[in-house]
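J.: I would like the atomic coordinates for the input below:
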Amino acid sequence: MRDLAVVVPAYNEARLLPGALAALAAQSDRDFTLVVVDNASTDATAALAADFPGDVRVLVEPRPGAGTAADTGFRYASAEGATKLLRTDADCLPAPTWVATGRALLDRVDVACGRSVPRRDEQPTWAQRVIYPAVVRGAAQLARWQHRSPTAQAPFVLIHGHNLAITADLYARCGGTPREALEDGAEDVTLLNRARQHSARIVRAEQLIVESSLRRLRGWGPRRTLLWHWDRRYRPTGDEVHVR
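T.: Numbers count the residues shown, from 1 in each chain. Below is the predicted model:
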């Protein structure tokens with residue numbers, strides 16, 4: 001296990017995982033261990049992950065939930081000696097300097113919440129590139145009030161579960177990502193709020209960039225997608241929670 005681990009939870013991601021793997025293989029900094037956590041997939045996700053051309057570990061987490069799978073990966077990497085933890089998702093494309101940027105950030109902070117932009121290969125519309133992200137940023141400003149806490153050591157910032165960096169030390173101290181089903185809560189927000197109780201060294205890092213898929217926005221539409229991210233005020237049933 002390298003000092004830096006990249007954790008990727010994945011459920012039935014055989015279609016988009018190869019893109020994420022290719023982006024990680026093209027990183028300017030290849031000195032990392034990739035930990036892919038197969039969340040009980042029924043397709044070729046695990047086999048594809050195992051073919052990554054680098055230091056890779058493929059784990060299986062049978063209990064459903066991206067937060068559960070991420071927690072399994074984070075705790076495994078920490079137990080194996082990693083001190084810096086990065087997370088992205090299987091439908092994302094990290095920028096070529098993503099690992100290097102995350103490493104540099106974790107030399108001076110405990111949590112870095114990166115920037116999410118639409119995948120260019122999905123040909124986003126102007127509204128999807130400009131308007132929707134602006135609405136998300138505006139909602140995050142309102143969330144600063146919603147998530148205020150007299151005991152927090154750092155302010156609330158916009159966080160994306162598919163683009164974050166955290167030290168293994170803080171992850172252990174704060175309790176990590178909640179082990180819950182995807183539809184039961186925003187695991188990234190919970191992780192951030194837990195971390196805020198233990199560290200003031202939490203930043204929004206616009207230079208830590210990942211391209212994310214538009215499939216949920218296109219599958220559900222802007223209103224339901226925003227309600228989903230707003231404490232799961234929209235909750236699809238069954239497999240509808242997984243947009244594939």
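J.: Sort out which residues of stretch 167-182 are buried, please.
T.: By neighbour count with 16 or more other Cβ atoms under 10 Å, stretch 167-182 contains the buried residues 167-168, 170-171, 174, 176-180, 182. (Glycine included, C-beta is placed from N, CA and C.)
J.: The most centrally placed residue in the chain and Gln153: what is the separation?
T.: In the chain, the C-alpha nearest the mean C-alpha coordinate belongs to His162, at 2.1 Å (Cα atoms, centre = their mean). His162 is 25 Å from Gln153, where distance means Cβ to Cβ, to the nearest Å.
J.: Could you dump the buried residues of stretch 167-182 into TSV and include pLDDT and distance to Pro18?
T.: Formatted as TSV, the buried residues of stretch 167-182 follow (pLDDT from 0 to 100; distance: Cβ to Cβ, whole Å):
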residue	pLDDT	distance to Pro18
Thr167	98	30
Ala168	98	28
Leu170	98	32
Tyr171	98	28
Cys174	98	33
Gly176	96	28
Thr177	95	25
Pro178	93	29
Arg179	92	28
Glu180	85	28
Leu182	78	22
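J.: out of those residues, which are inside helices?
T.: 168, 170-171, 174 (DSSP state H).
J.: thought Val111 was touching Ile166?
T.: Yes. Between Val111 and Ile166 there is a contact at 4.9 Å, judged by Cβ atoms under 8 Å.
J.: Where does pLDDT dip in this protein?
T.: 238-239, 241-244 (pLDDT under 70).
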